[in-house]
Structure formats: C-alpha cells, structure tokens
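Novice: I need the structure of the sequence given here:
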Amino acid sequence: MGAAQPRRAPGSPLPEACFGQPARSGGAPPGPETYGPGTPRTGRLPLMPQWRGILVTATGVVLVDGALWAIASDTFASLPPAYWAMAVLAVAVDARPYVLADRRTSSVVLPSICFTFAIALAWGFVPALAAQLAAVTVAGARMRRPTGRVPHLAVQHAGGLAGASLVAAAAGLRLGPAPHWDDAVLTVAAAAAWIGARYGLAALAARWHSEGVRPRHRPRRSVELFATAALLLLGPVVLAAAQVGLVLVPLVLLALHAVHRMVRSAGEYERAARIDPLTGLPNRRVLQAAVADRGEEGGPRRPQRQLALLLLDLDRFRNVNDALGHPLGDRLLIEVAHRLAAAVPAHDLLVRLGGDEFAVLATRVDGPGAARAVAGHLAEVLRRPFHLDGLAVDVSATIGIALHAPLPGSGPGDPATLLRQAEAAMYDAKQRGDQIVVYGPDAAHHSPERLTLLADLRSALDDYPGTFDPPPAPLNGHGGSARTGASSDDPPGPAEDGIQLFYQPQIAIATGEVVGVEALLRWQHPRRGLIGAEELIRVAEQTPVMRLLTARVLHEVVAQLAAWQMAGRAVRAAVNVSVRDLHSAEIAERVDALLRRYDVPASLLQLEITESALMADPHRVLTTITRLDRMGVAISLDDFGTGYSSLQHLRRLPLSEVKIDRSFVLGMVADRGDAAIVRSVIDLAEALRLRVVAEGVEDESTWRMLARVGCHAAQGWFHARPMPADDLLDWLARYRPLRPVPTT
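Specialist: From the prediction side, this is the model:
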C-alpha cells in the first residue's frame with residue numbers, strides 16, 4: 001500500500017497494522033531511501049492478490065481431496081454418518097480460528113483439530129487429512145493469509161495428523177464406542193505426537209526462513225500449547241458422543257467457545273503488555289525483544305547490515321501540557337505517533353518509550369550516514385504543524401542514534417546498552433544545541449574508565465535503601481551518620497557506600513553571619529580513592545544514574561536539615577541539581593515528599609542550577625523551577641557568567657540568587673577585567689533584586705573588595721573549608737562573625 005491511508009478520528013489509537021515490525025530476511029536493500037514519501041506502512045498485500053491466492057489454494061485443496069477420494073474411494077464410501085458430521089463441523093468451526101498474537105508474528109490454533117484428530121484415531125489418516133485440508137482453506141480465507149502461508153499451515157497440520165496416526169497404527173489404536181484405559185493412555189501419546197510433529201515442522205520452517213539463524217528469544221507458546229492440547233483431548237469425547245448419537249455432537253461447540261475465550265483473553269493480556277495504551281504503538285518491552293532477536297540476524301549475506309536505534313525526544317512538550325492542558329497534549333502525542341507510523345517502513349519498528357519519547361529501530365542501515373539520513377527524514381516529517389482544535393502546534397524533536405552491527409557468532413544485541421547509548425547521544429544533542437547526534441564510543445564521557453566508574457556508582461546507589469521512598473526517621477543532634485534509633489531505611493554512613501556530603505558555609509559579608517551552607521558531594525571509591533562532585537556529574541549526568549544520585553543527595557541533605565533543626569541550628573542548605581533532573585517534574589515531587597516527611601520548611605532548602613543547564617533547554621527547565629519556587633524552595637543560578645544566559649531568561653526565571661563563578665573571583669584583586677565582571681554581575685543582580693554569592697573567596701583582600709562592591713555573601717576557604725556534617729556543628733559553635741572594614 002502507498003503512503004495514503006484512510007483517515008482516523010483524532011485521538012484514536014493506531015491500528016496494529018501500522019506497527020513497524022522487525023523485518024524478515026531479504027526484501028528491499030538497506031538504505032535511508034526506504035523512508036521516502038512512498039514508504040509502505042503495512043505488510044499486508046493488496047486485496048485482489050489475497051483473494052486470488054485464496055482461490056488458488058482452494059483449487060489446490062479440491063484437487064488434493066479429489067486425488068485422495070480417487071485413491072481411497074472404498075474407504076470414503078464405507079465411512080459412517082458420524083464421520084461426515086464431524087468433517088462438516090471441522091470445516092465450519094475453522095471459520096473462526098483462534099489467533100494468539102505473540103511478540104513476533106501471529107500464532108494460530110485451529111478448532112478443527114478437535115474433530116480431525118478424533119477422525120484420525122477412529123477412521124485413519126486419509127479421511128482426517130481430507131477434512132483438515134478443507135478446514136485449513138476456510139481458516140486461511142477467514143484470516144486473509146497470503147498465498148504461501150496457507151500451504152505452510154496445511155503442511156504443519158498434515159504433519160501433526162501423520163504423527164498421531166503413526167502412533168495409533170504402531171499401538172494398534174482404533175477408538176470405538178467402548179474405549180478402555182489403555183486407549184486413553186495411547187490417545188495422550190498420539191496427541192503428544194501430533195503436537196511434536198506440528199510444532200517441529202513450524203520450527204523448521206521458521207529456521208529456514210531466517211537463513212538458519214537460531215533465534216535467542218523464542219515465542220512463548222504456553223497458552224497456545226495448552227489450547228491445542230485441550231482441543232486434541234476433547235476429540236475422543238466428541239467421537240464417543242458421535243458414536244452414541246449424532247444429536248450430541250453440536251453440544252461440543254460450547255466447549256470450543258470456552259477454549260476460544262481463553263485464547264482470546266490470553267491474546268488481549270499479551271497485547272496489553274506489549275502496547276502503549278495511549279498511542280497504540282508497541283512499547284519498550286517490544287523494543288527490547290526486537291533488539292535482542294535482531295542482534296543475531298547478521299549473516300554472510302548481510303555482513304554490513306546494522307541496527308540503528310533512534311531515540312526521539314520532543315522539544316518543549318511540557319509547554320504544550322502547561323499552556324493547552326494534558327488532554328490536548330495526549331492528542332498531540334497520538335498525532336505524532338500517527339505521523340511517525342506513516343513514515344516508518346513495515347520492516348522497522350516504531351515504539352513509544354513513555355512521556356514524549358519515541359524510538360525507531362531501523363534494521364536496514366549501512367552506517368552512521370544512513371542512520372543520520374533516516375533521522376533527518378523523521379525530523380522533517382515532524383516539522384509540519386499539527387492542527388488541534390484550530391490551533392497550529394509546532395513540534396520538533398532531538399534525536400540520538402546508537403548503532404549496532406550484528407556479526408556471525410557475536411551474540412545478540414544488548415537492548416539496555418543500545419538504549420543507554422541512544423539516550424546519551426540525545427542528551428549530547430540537547431547540550432550542544434544540535435538536532436541529531438550519533439553515539440561515539442571515542443567521546444570523552446564514553447571512555448572505558450568512565451563507563452567502569454559509572455557502573456561502580458550505579459552499584460553503590462542500587463544498594464542505598466532509602467532513595468525512592470524516604471521514611472521519617474528519628475534523628476539526634478549530630479547529623480545523619482550517627483543516629484540513634486534509626487530504622488533500616490535511614491541513609492547509610494560513608495563506610496557502607498562511600499558516598500559522603502561535605503558542607504561549606506556561606507557568610508553574609510556585611511554582618512559576618514552564617515546564612516547557609518552548600519552541600520558538596522564526595523565519593524570514596526574503593527580503588528580510586530576520593531572522587532569529587534565535578535567528575536561524578538560529568539560521568540553520570542547523561543545517564544539514568546543521575547536521577548539516582550540526585551535522589552540520594554536530596555534524601556541525605558533533607559534528613560540532615562531535620563537533624564540540625566532539632567539541634568537548634570536551622571541552617572539553609574544548597575544542593576546542586578543537573579539539567580537531566582530539571583527536565584522532569586519528578587524532582588519537584590521528590591523534594592515535596594522529603595520536606596513533608598522530615599517536617600523541614602521549604603525555606604531551608606535551596607537548589608542550585610548551572611547556567612549551562614539553563615541554556616540547554618530554558619523553556620523546559622522553567623516549568624520545573626517555577627513549581628519548586630511556588631513550593632518555597634529557593635533557586636540559585638550557579639557559575640554565573642560562564643554559560644551565556646540572556647537577560648530575557650534571567651528576567652523570567654524565579655531566581656533568588658546568582659553565584660559568581662570562582663574563576664572570576666580568584667583573580668579579581670590582580671586582574672581589572674575580572675574585577676569589572678564581578679562588579680557588573682553585582683549591579684545586574686541588584687537591578688533584578690537577586691542576592692549575589694561569590695565563590696572561591698580564599699583571602700582577606702578578595703573578601704574586602706567584595707564588601708566594597710556590594711556583594712551579599714561569600715563562600716570559600718578564607719572562612720571555612722568543606723567539612724562533614726558532624727564537624728559543622730562544632731565549627732558553628734566556635735565561629736565568631738567577622739565584619740570587613742572596606743578600604744577606600
């Protein structure tokens with residue numbers, strides 16, 4: 001079918017036919033040209049060839065059944081009315097075959113096997129085969145299967161009947177009106193032979209079609225096998241009823257209906273586990289299975305073929321939800337899914353990962369250039385405005401690409417690794433302001449050393465008990481590492497996971513009073529020693545580990561604030577958060593839950609965001625920090641002067657303070673340029689009614705100069721070095737405010 005498709009009502013999910021599915025062997029040559037305007041959207045054949053195939057198949061079955069009649073005419077002439085009744089029912093019930101959708105294709109259970117299996121045990125293989133072929137033809141016509149699929153199905157069922165007949169012939173089994181216990185045992189053996197032969201032939205056919213590659217993830221057939229066994233073992237019951245009186249045979253239709261409902265319910269459950277409920281697209285589970293399966297399909301015929309995973313993150317989608325409401329945002333996601341489905345060929349896979357993230361598994365690319373071309377086409381597809389209730393909504397997407405080249409004998413692809421690489425590339429693109437970035441293992445933050453460090457950090461955070469659901473714990477007055485009566489969910493001490501928080505005081509320059517502290521992260525690595533916050537952030541910021549690390553730090557800091565509050569020291573603490581944290585509303589929810597559970601006023605917590613994080617996606621960040629500001633949590637702009645933020649953004653953001661980067665403060669006494677920058681920042685902050693904190697104050701001359709130009713607070717070694725929480729209380733007890741005397 002071409003690109004034109006019947007129109008769907010807005011808000012309706014995509015039909016399953018629109019899903020891009022992993023391709024079989026062969027087909028169109030690899031390359032991005034398959035993403036052009038004429039891209040086929042489904043794998044279905046046009047209507048006329050389907051009916052032509054059905055007619056050809058039906059003609060073939062008539063000829064085969066005619067040949068069987070000619071060869072065994074005496075056998076057919078001697079068959080009792082019970083046979084003809086069961087044969088007619090076998091053909092009739094296959095007008096409603098049982099289709100169970102699994103992860104890769106559709107599995108079919110034909111209810112006719114209930115009758116044909118019984119016919120084989122009572123009257124032999126040839127009469128059963130004649131009825132089965134006619135029934136398979138009806139089932140194929142009902143499902144509109146392509147021409148080649150119906151003969152395959154017929155051969156598999158013929159093989160099953162042959163296996164059952166061989167067991168019956170070898171054991172001398174002929175079911176009559178008065179069966180014995182040994183007949184029941186032999187019937188079970190014949191049913192097992194039927195199942196083994198039928199699915200053995202199916203496995204051989206699948207292996208032949210996949211060029212001899214053995215799939216790692218086999219379709220789960222538990223429900224299918226159970227339904228098949230139930231139908232086969234129901235056959236002798238039907239046969240006994242037919243030999244007693246034909247009037248009892250139609251009563252078996254109720255049992256067949258029960259099996260049909262069971263298979264249908266299992267199929268709906270499987271579909272619900274694989275399909276995104278909003279858009280109707282496959283979900284993350286389908287993507288993981290497809291990557292693992294396709295990872296083993298490289299072979300001598302396609303040595304250069306690669307998999308490309310394209311992760312699409314819609315830009316500024318949160319603005320749509322905030323401005324137009326979530327119902328319209330959901331409709332926009334559905335329309336995005338429709339448009340992407342129209343652009344993704346049937347041999348590729350389109351999924352929705354969740355939120356505003358989609359992914360495309362392209363199976364026919366030959367390198368980074370082809371993958372970029374595919375991404376460029378998808379970006380172009382989304383460029384046209386979406387019209388919702390008369391509103392034209394513009395949508396763009398940032399796309400990260402990860403490539404995997406399956407080699408013979410190299411093993412399957414790792415879905416988690418490929419997705420992590422695509423996600424890292426996508427965040428790289430957002431930080432650099434690019435739209436498309438291909439993951440490169442030679443990048444600095446992808447070096448083996450850093451990947452090892454990231455794995456160690458993830459392992460340490462996974463062992464932390466209170467990261468996601470912090471309970472209120474009894475605290476004493478000496479900090480989080482020495483609590484009395486603490487539960488097993490309390491934050492562990494540094495000796496357990498090596499993660500530590502140091503606190504550096506911030507001093508009001510005019511009065512010398514302590515106005516707050518900044519929490520500084522340290523990690524005592526078991527082999528590399530003490531690792532600072534900057535390196536940890538560089539390693540974790542573009543990965544899901546950043547979320548765990550931020551949750552760990554927030555939990556520890558809020559618990560510490562509660563401890564200081566109980567000790568009579570209500571100190572404000574500042575915590576650094578990353579751009580990844582600010583791209584999700586989760587951080588606001590987590591902060592709110594922590595403050596409530598530990599009964600800490602929001603005014604005692606301050607979050608610091610870097611200027612580079614702000615400029616990566618200011619609109620998306622604005623939503624999160626506005627919510628935090630409304631909660632009463634102060635927002636500080638860290639490293640001000642290094643990220644090229646515009647005055648427009650500063651004016652719109654709900655900031656409480658700016659922090660002058662230490663690179664300017666350290667040289668302001670000796671360098672007139674640095675001093676001029678510091679003065680300009682202070683003047684600008686004064687105009688915007690923001691506090692100013694200077695970092696890197698390490699000597700008295702700098703401190704006095706900051707006092708002279710009107711800086712509000714100072715932080716640095718001149719007053720105190722970062723210290724553990726226990727030491728901070730002792731330092732506060734000894735500290736005496738020191739007021740500067742500005743020189744003229």
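Novice: Residue 401 - that's part of a helix, no?
Specialist: No. With DSSP: H, G, I helix; E, B strand; the rest coil as the criterion, residue 401 is strand rather than part of a helix.
Novice: Across the sheet, point out what pairs with it.
Specialist: Using DSSP bridges, the bridge partners assigned to residue 401 are residue 310, residue 438.
Novice: any idea how far residue 693 is from residue 718?
Specialist: Distance of residue 718 to residue 693, computed by CB to CB, to the nearest Å: 14 Å. C-beta coordinates here come from the backbone N, C-alpha and C atoms, glycine included.
Novice: More neighbours: which of the two?
Specialist: residue 693 (29 against 17; other CB atoms under 10 Å).
Novice: wait, what's in contact with residue 166?
Specialist: residue 193 (CB atoms under 8 Å, 6 or more residues apart in numbering).
Novice: And the host helix or strand of it, what's buried?
Specialist: Here residue 166 sits within helix 149-171, counting by DSSP states H and E. Across helix 149-171, burial judged by 16 or more other CB atoms under 10 Å covers 149-154, 156-165, 167-168.
Novice: just checking, next helix/strand downstream of the worst-scoring helix or strand of the chain on mean pLDDT?
Specialist: When the helices and strands of the chain are compared on mean pLDDT, DSSP states H and E, helix 494-497 comes out lowest with a mean of 56. Remark: after helix 494-497, the chain's next helix or strand is strand 499-508, criterion DSSP H and E.
Novice: neighbouring strands for that next one, and are they parallel or not?
Specialist: By DSSP bridges, strand 499-508 pairs with strand 514-525 (antiparallel), strand 713-715 (antiparallel), strand 723-724 (antiparallel).
Novice: tell me which residues of it are tucked away?
Specialist: 499, 500, 501, 502, 503, 504, 505, 506, 507, 508.
Novice: Check this protein for its longest helix and report it.
Specialist: The longest helix of the chain (DSSP state H) is helix 181-209.
Novice: For it, name the packing helices and strands.
Specialist: helix 113-123, helix 149-171, helix 222-244 (3 or more CB pairs under 8 Å, 6 or more residues apart in numbering; DSSP states H and E).
Novice: Any chance of CSV for the ones you listed, columns mean pLDDT and distance to residue 570?
Specialist: Compiled in CSV, these are given as follows (pLDDT from 0 to 100; distance: least, CB to CB, whole Å):
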stretch, mean pLDDT, distance to residue 570
helix 113-123, 86, 76
helix 149-171, 85, 74
helix 222-244, 77, 60
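Novice: Could you dump those into TSV with distance to residue 710 added?
Specialist: Compiled in TSV, those are given as follows (distance: least, CB to CB, whole Å):
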stretch	distance to residue 710
helix 113-123	89
helix 149-171	81
helix 222-244	74
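Novice: pretty sure residue 161 is touching residue 125, no?
Specialist: Yes. Proximity of residue 161 to residue 125 meets the contact threshold set by CB atoms under 8 Å, at 6.0 Å.
Novice: ranges for the strands of the stretch 301-450 of the chain?
Specialist: 306-314, 349-354, 357-365, 386-388, 391-393, 397-404, 436-438 (DSSP state E, counting those that start in this stretch).
Novice: Which of these sits closest to residue 459?
Specialist: strand 397-404 (22.9 Å; CB to CB).
Novice: any idea how far the closest one is from the chain center?
Specialist: Chain-centre distance of strand 397-404: 14 Å, with CA atoms, centre = their mean, to the nearest Å.
Novice: coming back round to it: need the winner for burial among the strands paired with strand 499-508.
Specialist: strand 713-715 (a mean of 25; mean count of other CB atoms under 10 Å).
Novice: Please spell out which residues along stretch 90-97 are buried.
Specialist: For stretch 90-97, by 16+ other CB under 10 Å, it's 90, 91, 93, 94, 97.
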